[in-house]
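S.K.: Could you look at this predicted model? Sequence included:
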Amino acid sequence: MSEWTPERTENLRKAILDYQNRHRLVRAQEMLDAVAEIERLQNELEILQRASKTMTELFDLQVACADKLQSELAAEREAHRWIPVEKELQKDCEEVLTLSLFGEIRTGYHLKDIKQWSIGNFYYYGDTYSEITHWQPLPEAPKD
């Protein structure tokens, strides 16, 4: 699409006036008004095209931010998920959060060699060993 310039408008006006003078048309003013309207619409179109480009860029930024937040959320969920003890046990003697059959959440650690959970003043081994069903790493301490 060729660009509409003030020079192009002026040339068109001159051509219309020349045409009017040669053919003595009464409708020349209507034609000039139409040219002015075309110029106004062309300017509006350019403004809308710039606005559209800006909106597209903003939308792309929002999509990128949403993708990043989704990724961070997935990583946080993975870092703070409850892990079934029959699937995986933490490192020996690493303090973790534990979850019992009864819904109790406490900190404790596991001793693999003797197959025992040590939670507070309680030791879960033998028949009570299976009362601990899940564990998860402790959250990091605040950095502030």
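M.R.: That came in fine, so what should we check first? Residues are numbered from 1 along each chain as shown.
S.K.: ranges for the strands of this structure?
M.R.: Here the chain has its strands, by DSSP state E, at 83-84, 96-100, 105-111, 116-119, 122-124, 132-137.
S.K.: What residues sit buried inside stretch 52-61?
M.R.: Buried residues in stretch 52-61, defined by neighbour count with 16 or more other C-beta atoms under 10 Å: none. Just so you know, the C-beta spots here come from the backbone N, C-alpha and C atoms, and that holds for glycine as well.
S.K.: avg pLDDT for it?
M.R.: Mean per-residue pLDDT for stretch 52-61: 93.
S.K.: Give me the contact list for that stretch.
M.R.: Stretch 52-61 is contacted from outside by no residue at all, using C-beta atoms under 8 Å, 6 or more residues apart in numbering.
S.K.: Looking at the strands of the chain, which is nearest to Lys143?
M.R.: Lys143 lies closest to strand 132-137 among the strands of the chain, at 16.7 Å (C-beta to C-beta).
S.K.: pLDDT-wise, which helix or strand of the chain ranks last?
M.R.: Here the helix or strand of the chain ranked lowest by mean pLDDT, DSSP states H and E is helix 6-23, holding a mean of 81.
S.K.: elements contacting that one?
M.R.: If you count contacts as 3 or more C-beta pairs under 8 Å, 6 or more residues apart in numbering; DSSP states H and E, helix 6-23 packs onto helix 28-79.
S.K.: picking that back up, need the strands of the chain in CSV with distance to Leu69, mean neighbour count and mean pLDDT, can you?
M.R.: Shown next, in CSV, are the strands of the chain (distance: least, C-beta to C-beta, whole Å; neighbours: other C-beta atoms under 10 Å; pLDDT from 0 to 100):
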stretch, distance to Leu69, mean neighbour count, mean pLDDT
strand 83-84, 24, 13, 90
strand 96-100, 25, 20, 91
strand 105-111, 28, 16, 90
strand 116-119, 35, 19, 87
strand 122-124, 39, 15, 86
strand 132-137, 22, 18, 90
